[in-house]
Structures are given as structure tokens and as C-alpha cells.
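>>> below is the sequence, then the predicted model.
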Amino acid sequence: MSQIFISYARSTESTAKVVAEALRGLGFNVWWDDDLQAHRNYGELIEEHLRAAKAVIAIWSAEAARSQWVRAEADLARQLGTLVQLSADGTLPPLPFNQIHCVDLLGWNGNPSAPGWRKVVESVSELLHQEPVPVSLAPPLPNKPSLAVMPFSNMANVPDQDYFVEGMMDEIITALTRIRALFVIASSATLCMKGLGLSPQDAARRLGVRYILEGSVRRSSSRIRVSVKLTDAGNNVQVWAQGFDGNMEDVFALQDQVAISVAGVIEPSIHTAEQLRNARSPVENLGAYDLYLRAASLRATLRKPDVMQALELLDRATALDPDFAPALAHAAGCHSQMYLNSWGNDRDLHRQQGLLLAERAERAASDDASVLTAVANAVIDLGHASDQYFDRATALIGRATTLNPGLAQAWFVSGMLKLLDGKGAGAIEDFERAARLDPISPLNGKARVHIGVGQFVQGNFEEALRNLLATSNRSPRVQLLLMTTYDRLGHSEQAREVLRSYEQETPVSAESLIDDMAARQPEMRQMVREALARVRQSFP
């Protein structure tokens, strides 16, 4: 609920808007009926906000003095001791409101130094027990995504559950601080706002952040439900919301589960929101971070023209900031895609450039789990899966999962490494963890497809086929495994169809890709080669 309610007649709507914005500019949380929600009953919602407000500003005018709505709202505020009065056109308040001081704001245009306006602010501050803090004095937005976790609500109003509610907030903040790509406000700052009823927009303005995470905890008998939602306060858009259920038998395990799950979802959610925000800006005006964001969305398409354009943008980003590790790591990833798909005239040059960029990224951000993950992914693709590069990638991903156990991408790459090492069961476990941590981004579909790859490695072809077909992911490697799975199950026509599609879409020969993808798995390599030969022989 908002702290301040504004009551007015339609003829003074422009004054009400100026008053609301001026109070918001001082850090107060304001509600007026311009904020009415379409799905709520008009009278019910107004009374709800009116009764909850700590200050009710009645804007009197000739029309307001005749309005039964304004008089009723002012009367309730008078009874509750929350009434603040001002006159927009010189009209005095009607009985019995003329017994309470009314500030004359005739002709006021929003000047914060006007004596009458200063009186209104003093009255509001006294009723709210809160000093005005001009938004202009709020911290500026950092040069990377910024987030504040607000104090969680104890919906059961049971005092002995406060320790769990506060612990839940602390665990989530701890998990989020492991994400180096985020600027996270300390809990000491947000706890100062507990009980103020600030909207996400007002809290974000005060703290100098773009994103606000809110939560609530409800206990029913031995069950606990934790609900969280993420808001892009700059655009007033809810980005994500989810509920988690557990029991009181092990509240600390539940705190850990929720914290890691929230951290796992927030990084891709904010990354996507930042990309959407960035897409509206001309490329010429972008700095290193925004160039990196634009490149990341292009690279994700896996299409040659987009990957080449992404590499150009990342080159610009690293020219502006030579130590910007995320851009260095993604540039290494672009080179690995160019190398694997034989896009370009000099395949070996892409391999050399990619490995150099990966090394620079690791040096620049040895404690950033996301960067280490991207570097590990590029290294294994560029290193022919040799023991030297395989061991390096394994060490990198081990550091990444330790630094941030909620990073879904790290568990996905960990699963890929285990697949290359022939450890199907361990790979499936890591892919399932990645899918649980990231239920919303395209990574979820990739993880589920690779669960099928793990089942393929184990020889469980029926389950492998079901998971390989579960999403639209059809990378060249997945296509060859799908062809082999169909062949193993005796589905010759479907196997031929997949091979036709592969050869039409992929410039790299199937034999070359088989060597690259299964260098550490001679049994798997032989299985795919035998299937390839049989399927080719079956063509009419």
C-alpha cells in the first residue's frame, strides 16, 4: 500500500498530477486514481488505499467542494487523523473541514520553494515520520544491471518466523552477489525501508537501481510457501514471479534451495530484459556493455551472418574497454562457432584468436563464474577435446560452479564435459540441474535435449529419442545423434530425413564433425559412423 492518497475533483486533475510527481520526487510513495487497476472494483480499491494511507491530501476546488466523493474521502481521513488540505483555486473547504488548516496553492506550478508547498511537505513528513529525500540526490544507476532485494513480508504475522523471513532475504542476497554481472545493494540499505510501503519504482529511485526483487513468506501448519517477484522498475514491468514450497522440518535447506533457484532464474531474466532495453538504442550510441548485450542476442541465433555481426560488435566493445571480460569471453565463443562450422576462409586463425581471447577473459575475471563458464565452453570447442584443453576446461567449470552454484549455464557446460568424457549418468544429472535452475530461457531446451544425449551415451535409445525430440534444438551435433538414434531403433526413413536436413544446412562434413564431437569417445564415434554409413547406403 502507498503512504500518501490524493483526493481531488476532475477539474483539478492537472494539479493532482503535479502534486503527486512533486511528492514522488521527494521519495514519497503516492497513490491517486490514475493508478487504478482495470481488474479491481473502483470503490473497493479506493477505500483500501484510503484507509491504508498515512497521509491523505484533499485538493479543494469549487467542484471538489460539491463532490460527494471528495467530501467522503476527506471525512474518513479526518476521522483517521491523516488529512492534509490544500486549495487549488482559492476555494475554502466546506464544513466541517474549514476547522482544519488549508494551504492556499492558487497558481502553484510545482515550484518546490513555494512557502505553501513547503507547508504541505512538512505536514506529510510529520504524518509519515519520514524526511523528504529528493530523488535527484539518489545514487545514479551503475553501468551494469543493478538490483535491490527488499525486506520480505511475513504474511503469517507470526513474530517467531521473522528469523526465517530475514534469513531468506540474506541467503538470496548472498547468492546474487556471486553473480559478478550484477550490482546488488547490501541488505543493510534495504532493511532501512522496511515498513515504509514503497512501490518498486520509489524504492528503485531511492536506491539507484533498475530492478527490485520482492518476496513474501506464508506459513500454514508445517508448510511454508515463499513467493518472489522481480520488477523492472525503470519500465514498471514485472519480469518474473515464482512460488516455492517446503516444510518446517529443515528451514535452512529450504532457504538454500530458494536462494539458489532465485539466483539461477534472475541472471537470465535480467539479461533478457537488458537486451530488450538495449535493442531500442542506436548502435552508434552504445558503450562497451551495451555492445556486448547486442552481440549476445545476435550470437544466440547460431546463424552465420548474426555470429559474424556479433564478433564485429564485440571487437568494438573490447576496443573501448580492453579488459571487459564478458565481451572477451563471448568473442572467444564467436570464434569457436566460426571454427566449428568452418565459417570463414581461415579456420585455424579463428582457433588461434579464440584461444587468445579466452585466455585474456580468464585473466580479466578469474572470480566471475559466468565468464569462466563462457571461457570453458570456448576452450573445449577450440581445443579438439585434447587432454590439455579438456583438463583446463574442467578446472574452469569446477571453479565456476563453486563460485556460483546457481548458475545454470555452468552446470550445462559441466554436463557437456562429462558427455565428452563418456560419463552419461553424471552428465544427465548436471543437465537436469541446469534445467531446474533456468526454466525460462532457451538454455532450458538445450539442457533437455542434452539429457537425451546423455541417455544416448548410456544406450537408452527410446528415452534418448523422446528427449531429443522434446524441443526445437537441432544443432549439427544433435542432428547426427538423432539420425543415429533413429537408425538404432530401425526408423530408416526418419534417419534419412535427418541426414538430408543436416547436409542441406551444414557446410561441415558429417565425418569431420564426428571426429570433433567424439574425440574422447571412440565407441560413440564408431556408433555414429556406422549409422552414417548405413543411412547413406539406404538412400534410393
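Good, I have the coordinates.
>>> right, and the helix or strand after the helix or strand harbouring Glu122?
Per DSSP states H and E, Glu122 falls inside helix 115-128. Heading C-terminal from helix 115-128, the first helix or strand you meet, by DSSP H and E, is strand 146-149.
>>> please save the CA atoms from that following strand in PDB.
Extracted in PDB, the C-alpha atoms of strand 146-149 (Å, rounded to 0.1, in the frame of the first residue of the first chain):
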ATOM      1  CA  SER A 146      21.500  -3.200 -10.600                       C
ATOM      2  CA  LEU A 147      19.200  -5.000  -8.100                       C
ATOM      3  CA  ALA A 148      17.900  -4.500  -4.600                       C
ATOM      4  CA  VAL A 149      16.200  -7.200  -2.600                       C
END
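>>> which parts of the stretch 151-300 of the chain are helices?
For the stretch 151-300 of the chain, applying DSSP state H, counting those that start in this stretch gives helices covering 162-177, 187-191, 200-207, 251-278, 288-299.
>>> next, Cys102: phi, psi?
Main-chain torsions, Cys102, degrees, to the nearest 10: phi -130, psi 130.
>>> now for it: which residues touch it?
60, 85-87, 92-93 (Cβ atoms under 8 Å, 6 or more residues apart in numbering). From N, CA and C alone the C-beta is placed, and that goes for glycine too.
>>> ok, and the closest non-adjacent residue to it?
Gln85 (4.0 Å; Cβ to Cβ, 6 or more residues apart in numbering).
>>> number of residues surrounding the nearest residue to Tyr211 once chain neighbours are set aside?
Distance criterion Cβ to Cβ, 6+ apart; nearest residue to Tyr211, sequence neighbours excluded, is Leu147 at 4.4 Å. Neighbour count of Leu147, defined by other Cβ atoms under 10 Å: 23.
>>> got it, and Gly90?
12.
>>> where does pLDDT dip in the stretch 301-450 of the chain?
Residues of the stretch 301-450 of the chain meeting the criterion pLDDT under 70: 384-385, 439-440.
>>> mind jotting down where the strands sit in it?
Per DSSP state E, counting those that start in this stretch, the stretch 301-450 of the chain carries no strands over any range.
>>> contacts only, for Trp382.
Let me fix one detail, which is that residue 382 is Leu and not Trp. Contacts for Leu382 (Cβ under 8 Å, 6+ apart) come out as 332, 335-336, 339, 351, 354-355, 358, 389.
>>> what helix or strand is Arg500 located in?
helix 492-505.
>>> next one: Glu523
Using DSSP H and E, Glu523 falls in helix 522-537.
>>> tell me which other helices or strands that helix touches.
Contacts defined by 3 or more Cβ pairs under 8 Å, 6 or more residues apart in numbering; DSSP states H and E place helix 522-537 against helix 476-488, helix 492-505, helix 510-517.
>>> any buried residues in that helix, and which?
524-525, 527-529, 531-532, 535 (16 or more other Cβ atoms under 10 Å).
>>> CSV for those residues, including pLDDT?
Formatted as CSV, those follow (pLDDT from 0 to 100):
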residue, pLDDT
Met524, 80
Arg525, 80
Met527, 87
Val528, 87
Arg529, 88
Ala531, 90
Leu532, 89
Val535, 90
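>>> what would these look like in CSV with distance to Lys17?
Compiled in CSV, the buried residues of helix 522-537 are given as follows (distance: Cβ to Cβ, whole Å):
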residue, distance to Lys17
Met524, 67
Arg525, 70
Met527, 70
Val528, 67
Arg529, 72
Ala531, 69
Leu532, 69
Val535, 69
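>>> and which of those residues is nearest Arg347?
Using Cβ to Cβ, Arg525 comes nearest to Arg347 of the buried residues of helix 522-537, at 20.5 Å.
>>> my guess is that closest one meets Glu511, correct?
No - Arg525 is beyond contact range of Glu511, at 10.1 Å (criterion: Cβ atoms under 8 Å).
>>> distance check, His147 against Val239.
Not His; residue 147 is Leu. 11 Å (Cβ to Cβ, to the nearest Å).
>>> so what sits against both of these two?
Common neighbours of Leu147 and Val239, using Cβ under 8 Å, 6+ apart, are 211, 270.
>>> does Val226 really touch Asn247, like I thought?
No - Val226 is beyond contact range of Asn247, at 12.0 Å (criterion: Cβ under 8 Å).
>>> who touches both of the two?
Leu254.
>>> between the two, which has more neighbouring residues?
Val226 (25 against 13).
>>> returning to what we had before: need the max-distance pair from the contacts of Leu382.
Farthest pair in the contacts of Leu382, by Cβ to Cβ: His335 and Tyr389, 14.3 Å.
>>> picking up where we left off before, so which of the contacts of Cys102 wins on neighbours?
So for the contacts of Cys102 (other Cβ under 10 Å), the most neighbours sit at Trp60, 31 neighbours.
>>> could you tell me which residues make contact with that one?
70, 85-88, 91-93, 97, 102.
>>> out of these, which one sits closest to Trp32?
Val70 (12.2 Å).
>>> please name the residues that touch the closest one.
Here Val70 is in contact with 7-9, 58, 60, 64 (Cβ under 8 Å, 6+ apart).
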